[in-house]
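Asks: Dropping the sequence and predicted coords here.
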Amino acid sequence: MSILVTGVAGFIGANFAELMVKKYEGVYNIIVYDKLTYAGNLHNLDGIKDKITFVQGDICDFEFVKETMKKYDIDAIVHFAAESHVDNSIKDPEIFLKTNFDGGRHIKRVNLISQIEK
C-alpha cells in the first residue's frame, strides 16, 4: 500500500511521516510531496530520508499530482500542504487562496479520479 503525504517538509507533515515510517516500516510505501516553499525544510526529513520517496511538486499543479498518484500507485493521501504564515496572508492573500483552497480541491479531485480508475 502506498500513501502520499503532502506538505511533508513542514513541521507537522515531517513529524507525521516520521511517525508513519517508525510505526509502519515495511507495511506502507511512504511517498512524500512538497513544493519546498519558505515553510518547507528538507532537513526535517533527515532521519527518514532513506525510507521514503520524495517528490518535489506543487499541489496546485493538477496534472503533476495526477501523474504522481499514477506513478506510485497511491492508495491513500494525507494532506498537510498549506500556506500557514498569517503575516504572509496579509501581504498576499491570493497565494493562500490558491494553495489552501485550489490545491486542496486538486488533491480531492485527483484522489476521486484515481479511485474510480482502480
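Replies: That came through, no problem.
Asks: quick one: low-confidence parts of the protein?
Replies: Counting by pLDDT under 70, the chain shows low-confidence ranges at 85-86, 88-89, 97, 116-118.
Asks: That one: helices as residue ranges?
Replies: 11-24, 62-71, 86-91, 93-97, 104-117 (DSSP state H).
Asks: Check which helices and strands the first one sits against.
Replies: For helix 11-24, the contact count by 3 or more C-beta pairs under 8 Å, 6 or more residues apart in numbering; DSSP states H and E identifies strand 2-6, strand 29-34 as packing neighbours. C-betas here are computed from N, CA, C, even on glycine.
Asks: how about a cut-off of 6 Å?
Replies: Judged by 3 or more C-beta pairs under 6 Å, 6 or more residues apart in numbering; DSSP states H and E, helix 11-24 is in contact with strand 29-34.
Asks: and the angle from the strand it packs on to helix 62-71?
Replies: 170 degrees (axes from the mean of the first three to the mean of the last three C-alpha atoms, to 10 degrees).
Asks: strand partners of strand 29-34, parallel vs antiparallel please.
Replies: If you go by DSSP bridges, strand 29-34 pairs up with strand 2-6 (parallel), strand 53-56 (parallel).
Asks: roughly how far out does the longest one sit from the chain middle?
Replies: I take that to be strand 2-6. Relative to its chain's centre, strand 2-6 lies at 6 Å (C-alpha atoms, centre = their mean, to the nearest Å).
Asks: Over to stretch 98-107?
Replies: Centre to centre, stretch against its chain (C-alpha atoms, centre = their mean), the figure for stretch 98-107 is 12 Å.
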